[in-house]
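[1] When you get a sec, could you give me coordinates for this:
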Amino acid sequence: QKEMNAKIDSLNKVNAPKLDEFIKGLKESLKGGEEKSAYIQGLSIGHQISQQMLPQFGTMLFGQDSTKKINNDQMLAGLISTLKNQSTAISKVDANGLDSKKSRTSSG
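    Next up, the predicted model:
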């Protein structure tokens, strides 16, 4: 029990400076209504992409090479173009080919 309380206290200390911003976002989301639904979903998905998907994708592409990073602006431009059914810098076929080529070189 003491160990659990210590962990909770530690998390509270780390999160305390950001708690007001969290509460602000929570309130805005709850009172946002239907007109802000798409915006709030965009914030949520954008956060998930930046915190989870991009780091995983970077590791898939570059392994443990910390000198190489995904260009967030280019990734976002490609994502937006795809969502709007616009042309992208490379075709889906070429992108799949790059992914397959990377998989083959990583596994063999």
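[2] ok, now how distant is Ser50 from Thr82?
    Applying CB to CB, to the nearest Å, the value for Ser50 to Thr82 is 17 Å. Every residue, glycine included, has its C-beta placed from N, CA and C.
[3] And for Gly32?
    From Gly32 to Thr82 the distance is 26 Å (CB to CB).
[4] can you pull the contacts of Asp65?
    By CB atoms under 8 Å, 6 or more residues apart in numbering, the contact list for Asp65 is empty.
[5] Next, it: secondary structure please.
    When classified by DSSP: H, G, I helix; E, B strand; the rest coil, Asp65 comes out as coil.
[6] Phi first, then psi, for it.
    In terms of degrees, to the nearest 10, the main-chain angles of Asp65 are phi -70, psi 100.
[7] Now do it against Ala95, distance only.
    To Ala95, Asp65 is 21 Å away according to CB to CB.
[8] ok, and the closest non-adjacent residue to Asn72?
    Once flanking residues are discounted, Asn72 sits nearest to Leu54: 7.0 Å by CB to CB, 6 or more residues apart in numbering.
[9] In this structure that neighbour contacts Leu76, no?
    No: using CB atoms under 8 Å, Leu54 is not in contact with Leu76, being 10.1 Å away.
[10] packing partners for the longest helix along the chain?
    The longest helix of the chain (DSSP state H) is helix 2-32. Applying 3 or more CB pairs under 8 Å, 6 or more residues apart in numbering; DSSP states H and E, one finds that helix 2-32 contacts helix 37-48.
[11] Thanks again, I'm all set now.
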